[in-house]
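**Student:** pasted the sequence and its predicted model underneath.
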Amino acid sequence: MNVSSTRCLVLKTADHGESDKIVTLFSENLGKVTGIAKGAKRSKKRFVNKLEPFSRILVSYKPSRTSTLLFIAEAELEHAFLSLRQSYQKYAGAMYLCELILRFTKEKDPECGLFSLLTWALHALDEGDRPLKIAALFHIRLLDIAGYRPELECCSQCCKPISPKNTYTMQPGIGALLCNQCRSGNTMLTRQLSVQTLKFLEKAQGVSLGHLSRLQLPDKAARETLYTLHGYSCSLLQQDIHSWKNLMATLK
């Protein structure tokens, strides 16, 4: 069986038996894949310090004839993103990014836009950008790529453009805004988004990835964004995003 190679980011790892590791990867050309690295826990050369969460690696692999697992023959470390495992705030932020990828993608469904977005976000965290800001920007862009772009330009009911005279909340089930006048009587929608935050997020949806880090998002706006997108995403996924709690706990 021929050996192939792919560039990927490590989303998570788990021990398997006495010496093996199960590794979930997000590949540039394969999408989300899971592989087994035989003897990885005892490896002195092929895998040592290479299969760590968040690392970017070049993997040599063989497909399995009997299962969906790849057989990982070797890994070459390209970027360790070491600081993400040395700071709890950075670690919590990186875990949040990876869990969103895990939740919103299918096995072996490549999406180069998501690979580029995750690479950008890990680099930004590694270089010291604020985890809340990067998590909020990553989340809004991931939803766009995944086909769930929130509508932030106007109230979905009265269709009036957003205005400083009103306050807004997002309907979790559909990712659309309601102004305070149209929201009257709906006590389920309590998490407000300021007009300043909405304007910023509109800009984040349209700016190129190369300029995304230049946007300045205050922590207050990042919190508003993350609370809102968490509710929207949980409604889409019909399950919780567990690392969100760890990320928000870094604020306390």
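**Tutor:** That came through, no problem. As the structure is a prediction and not an experimental result, all values here were calculated from the model.

**Student:** pop the domain breakdown of this protein in here.
**Tutor:** As assigned by automatic domain parsing, the chain contains the domains 4-80, 88-150+185-249.

**Student:** can you put those domains in TSV and add mean pLDDT, distance to Cys179 and mean neighbour count?
**Tutor:** For glycine as for every other residue, the C-beta is placed from the backbone atoms N, C-alpha and C. Output for the domains of the chain, formatted as TSV (pLDDT from 0 to 100; distance: least, Cβ to Cβ, whole Å; neighbours: other Cβ atoms under 10 Å):
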stretch	mean pLDDT	distance to Cys179	mean neighbour count
domain 4-80	92	38	17
domain 88-150+185-249	93	10	17
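
**Student:** is the residue nearest to Ile101 when sequence neighbours are not counted in a helix, a strand, or coil?
**Tutor:** Distance criterion Cβ to Cβ, 6 or more residues apart in numbering; nearest residue to Ile101, sequence neighbours excluded, is Phe26 at 5.5 Å. For Phe26, the assignment made with DSSP: H, G, I helix; E, B strand; the rest coil gives strand.

**Student:** begin at 6 from here
**Tutor:** That works, and once the first residue is 6, the last one we named lands at Phe31.

**Student:** Phe31 bridge partners, please.
**Tutor:** For Phe31, the beta-bridge partners are Leu14, Lys37 (DSSP bridges).

**Student:** quick test: name the residue nearest the centre of the chain.
**Tutor:** Leu102 (2.8 Å; Cα atoms, centre = their mean).

**Student:** want to throw the domains of the chain into a markdown table with distance to Gly178?
**Tutor:** Putting the domains of the chain into a markdown table (distance: least, Cβ to Cβ, whole Å) gives the following:
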| stretch | distance to Gly178 |
| --- | --- |
| domain 9-85 | 26 |
| domain 93-155+190-254 | 5 |
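
**Student:** look up how far Val200 lies from the residue lying closest to Met253 once chain neighbours are set aside.
**Tutor:** Leaving aside its chain neighbours, Met253 sits nearest to Leu231 (7.0 Å; criterion: Cβ to Cβ, 6+ apart). In this view, Leu231 and Val200 are 18 Å apart by Cβ to Cβ, to the nearest Å.
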